[in-house]
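Chemist: Sequence and computational prediction follow.
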Amino acid sequence: MTLADQATLYPLEFFIAATPISLQARAASKTRWKLTVAEAARKRVQETDELGFLDRRPVSLIVYYFPSAQMLGDVDNIVRPIMDALTRVAYMDDKNVERVVVQKFEPQVEWDFADPDEQFAAALDTPPPVVYIRVDDDLSWRRL
């Protein structure tokens, strides 16, 4: 996607070829993971958004984790460090996040995605472990 193709920051999507750190991990590990997530998000913002500013619009967050083996911890524990890392990078405050979708796709479970976009397809083509993250201001799921 080029700058001309994207009028706003959203959807902001990127992936990291790594195992996410849990909320219960040591402080140093969580700090390193948050820096990794924030840097990946900043890099993607630079590639896709020429305006480069955030506002307080409501957003949704999708986190898909593709582990290389069965996940040992709980999938919900990987969300908080990612949300914290995206504050002031993908949204002003995590209070702006109205919806969170998190899912793991373990190797022993069959799954399929119809027509993934460019970033998601790249994540799917990357050997696990991979974390795919999407922040979007599309709130079409809301009832008017």
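Modeler: In hand now; what should we look at? Residues are numbered from 1 along each chain as shown.
Chemist: The helix or strand hosting Leu61 - what's its average pLDDT?
Modeler: Element membership for Leu61, per DSSP states H and E: strand 59-66. Across strand 59-66, the average pLDDT comes to 98.
Chemist: Gln24: neighbouring residues, count only.
Modeler: When counting by other Cβ atoms under 10 Å, one arrives at 9 neighbours for Gln24. To be clear about C-beta, it is placed using only N, CA and C from the backbone, and glycine gets the same treatment.
Chemist: any weak-confidence spans in this protein?
Modeler: For the chain, the stretches with pLDDT under 70 are 1-7, 51-52.
Chemist: Apply 50 and report the result again.
Modeler: 1-5 (pLDDT under 50).
Chemist: in it, which spans are helices?
Modeler: 27-48, 79-86, 118-124 (DSSP state H).
Chemist: most packed of the ones you listed?
Modeler: Neighbour counts (mean count of other Cβ atoms under 10 Å) averaged over each of those peak at helix 79-86, with a mean of 20.
Chemist: just checking, Thr126 touches Ala18?
Modeler: No: between Thr126 and Ala18 there is no contact, the gap being 10.3 Å when judged by Cβ atoms under 8 Å.
Chemist: still on that earlier bit, so which residues make contact with the strand holding Leu61?
Modeler: 10, 20, 71, 75, 78-79, 82-83, 86, 90-91, 96-105, 123-124, 128-139, 141 (Cβ atoms under 8 Å, 6 or more residues apart in numbering).
Chemist: just the buried members of the residues you listed?
Modeler: 10, 20, 71, 75, 78-79, 82-83, 86, 90-91, 96-97, 104-105, 123-124, 128-137 (16 or more other Cβ atoms under 10 Å).
Chemist: ends of stretch 14-27, how far apart?
Modeler: 24 Å (Cα to Cα, to the nearest Å).
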